[in-house]
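>>> Everything below, folded, please.
(one chain, ligands or ions: 1)
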Amino acid sequence: MNNLPGALKGMKIAYFSMEIALENQMPTYAGGLGTLAGDTVRSSADLNLPVVAVSLACKKGYFRQELDRDGRQTELPVDWNPATIMEMLPQEAAVKIQDREVRIRAWLYEQKSLTGGMVPVLFLDTDLPENQPRDRDISSVLYGGDDGYRLRQEIVLGIGGCRMLEALGFRIRKYHMNEGHSSLLTLELLKRHGMDLEKVKELCVFTTHTPVEAGHDKFPYPLVEEVLGDWQDLEMLRKLGGLQRLNMTFLALNLSNYINGVAKRHQDVSQHMFPGYKINAVTNGVHSFTWTCPPFRRLYDQYLPGWANEPELLVRVDVVPDELIWEAHQEAKRDLIDYVNRSTGAGMDYDVLTLGFARRSTVYKRPALIFQDLARLRKINARGKIQLVYAGKAHPRDLQGKRLIEEIFSRMRELQGEIKIAYLADYDMDIAARMVAGVDVWVNTPLRHLEASGTSGMKAAHNGVINFSVLDGWWIEGWIEGVNGWAIGPEPQEKLSLEEGVTRELDDLYNKLEYIIIPLYYRRRDEWITMMNNSIGMLAYYFNSHRMMRRYVSEAYL
Ligand SMILES: *Cc1c(COP(=O)(O)O)cnc(C)c1O
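Take a look at the predicted model:
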């Protein structure tokens, strides 16, 4: 028996996201957007916020990653059965795709908190016997298929999601579009409100998540005309979504009264990309309890009781004795190193300075930057030993992303016997949680201006792991040089060519490793632990999703 009847009370915020990472065994996410959505749901439940979330069931998930000896990625389907985790609700909704009616049902996941809060998450599913085979497939693969497939998914998510909320009896005060995938919901709202743009804008909140062009879905109008059976006013659509192609970002921008980027820097970048719209900033955060490893949870419970639902308390981390911080870290590190050695045979050591890098493998994240100058890296390693742990999936169609994984494998071979390097296959929430707690330094080297926020470094900070990162996204707001971490390369306001920027980044990457990070780790352990403390007390206390959700409530929802 579900708690839905109780959850129907009052007006809700409907949070729409193409991907949501709720549990490791639910492959309904691909990367940062999904983990952010999961953290949003978790914090909303803890804070008792009146939120209901909507996503797609993705019965074949994203994919399971296998890597061969050369780092070549194979994608395997993930088979999971939502019925083992959720229950399917009896209510139905329908959308029109081409001239067919596509029926939709919803799986209900209840995100419950110890505080008594509960956020219902609806996973829409078209895999129903009454639908035609091609329509039964719509909710099966996350980010799979061609444009037509994606558009069908977005019709189900946006329009179908709105109708499902209505069929279930939810009353909605705001529709929050987490990225543009769900922005067709604005069309449904326009219909409901007699095409009154202002009325719909009042109801809509839009968060844009990336300055990378490929991250903004655009559909050719002939396809839209063919597929979008419920909406045939193409002239209106062109006004709202762009003349050349239907741009889901523009549709959301034109129909939302509150628009935000996910860090202050990303606000500026987005303001440039979308002149004429007022872009706000709500800097991302992560769910503190989820991303804190068990040894640190125990420490915080003992010294900062209540921290999980009030992460601001982490500002007082100095009350925790240094040696206990170090012990907790070493416990997390042993756990990671054992896992690495079990799964890759890398033979890593507990006492070697360990660098971690894990995120989607794609060109702008530059996972292989540190291998630019192998002679230099060898020299650094002679000063003080380092070892590197990697993880990350490349999107099945991102051939360059796949090549980057292969490049890391080939470096691994070149450096064999000198620097231990491991690449963990099938990056997911569990591997992320182990890595962000178990390495000593969290490395982040995106091409400047392209990382909207990034969240894995915030997870690292919750575990006293120190960030070493390009000044982009959230790190610009968190970084104090040599106090809570280190910068790689120039400050954001410096105007440099791409080449100059990269030169400065490589200089910092190698020089700081050799002359600052290695000596501090091996010879001035007490100062190292002070920086670990600062990472917790100056970063984790702020870059958490409880603070983020309170900001959304006071600035966007109310
Ligand atoms: C946190 C997380 C991400 C996002 O990491 P970024 O640093 O923002 O790229 C991606 N995938 C998984 C599994 C995560 O846990």
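>>> Which segments of the protein make up each domain?
4-285+547-557, 288-542 (automatic domain parsing).
>>> correct me, but residue 405 touches residue 68?
No. Assessed by CB atoms under 8 Å, residue 405 is found out of contact with residue 68, at 10.5 Å. Any C-beta I mention is one placed from the backbone N, CA and C, and that applies to glycine too.
>>> who's more crowded, these two?
Using other CB atoms under 10 Å, the more surrounded residue of residue 405 and residue 68 is residue 405, with 24 against 11.
>>> can you pull out the helices in the stretch 201-350 of the chain?
221-227, 234-241, 248-254, 264-273, 288-291, 294-303, 322-344 (DSSP state H, counting those that start in this stretch).
>>> and the fifth one, anywhere near the ligand?
No. Using CB under 6 Å from any ligand atom, we find that helix 288-291 stays clear of the ligand, coming within 7.9 Å at best.
>>> what does that helix contact?
38-39, 42, 297, 307-308, 311, 314, 433, 436, 458-459, 462-463, 540, 544-546 (CB atoms under 8 Å, 6 or more residues apart in numbering).
>>> near the ligand too, which of those residues?
Near the ligand, judged by CB under 6 Å from any ligand atom, the entries from those are residue 459.
>>> how many neighbours does the nearest residue to residue 202 once chain neighbours are set aside have?
Nearest non-adjacent residue to residue 202, counting by CB to CB, 6 or more residues apart in numbering: residue 257, 5.8 Å away. Neighbour count for residue 257, taken as other CB under 10 Å: 15.
>>> Tell me how far residue 257 lies from residue 198.
Note on residue 257: its distance to residue 198, by CB to CB, to the nearest Å, is 9 Å.
>>> same deal with residue 167?
For residue 167, the distance to residue 198 - CB to CB - is 27 Å.
>>> who's in contact with residue 53?
14-17, 20, 37, 40-41, 111, 119-122.
>>> go again using 10 Å as the cut-off
Residues near residue 53 by CB atoms under 10 Å, 6 or more residues apart in numbering: 12-17, 20, 22, 37-38, 40-41, 44, 109, 111, 119-123, 161, 176, 178.
>>> and the residues you listed, which are buried?
Buried residues within the contacts of residue 53, counting neighbours by 16 or more other CB atoms under 10 Å: 12-17, 20, 22, 37-38, 40-41, 44, 109, 111, 119-123, 161, 176, 178.
>>> picking up where we left off before, residue 167 and residue 198: which has the busier surroundings?
Neighbour tally, residue 167 and residue 198, criterion other CB under 10 Å: the higher count belongs to residue 167, 18 against 9.
>>> mind checking which helix or strand the more buried one is in?
In this structure, residue 167 is located in helix 161-168 according to DSSP states H and E.
>>> same thing with residue 144?
Residue 144 belongs to no helix or strand, assigned by DSSP H and E.
>>> try residue 379
Per DSSP H and E, residue 379 falls inside helix 374-383.
>>> What residues of that helix count as buried?
For helix 374-383, a neighbour-count test (16+ other CB under 10 Å) marks 376-377, 380-381 as buried.
>>> For the ligand, see how far away residue 49 is.
22 Å (CB to the nearest ligand atom, to the nearest Å).
>>> ok, that residue - how many residues close by?
Neighbour tally, residue 49, other CB under 10 Å: 20.
>>> Show me which residues of the stretch 301-450 of the chain sit near the ligand.
For the stretch 301-450 of the chain, the residues in contact with the ligand (CB under 6 Å from any ligand atom) are 359, 427-429, 432.
>>> ok, and the most crowded of those residues?
Neighbour tally across those (other CB under 10 Å): the maximum, 24 neighbours, falls on residue 432.
>>> For the residue in the stretch 251-400 of the chain positioned nearest to the ligand, which residues are in contact?
The minimum distance from the stretch 251-400 of the chain to the ligand, using CB to the nearest ligand atom, falls at residue 359 (3.4 Å). When the contact criterion is CB under 10 Å, 6+ apart, the partners of residue 359 are 31-32, 365, 367, 390-393, 427, 432, 444, 446, 451, 454-457.
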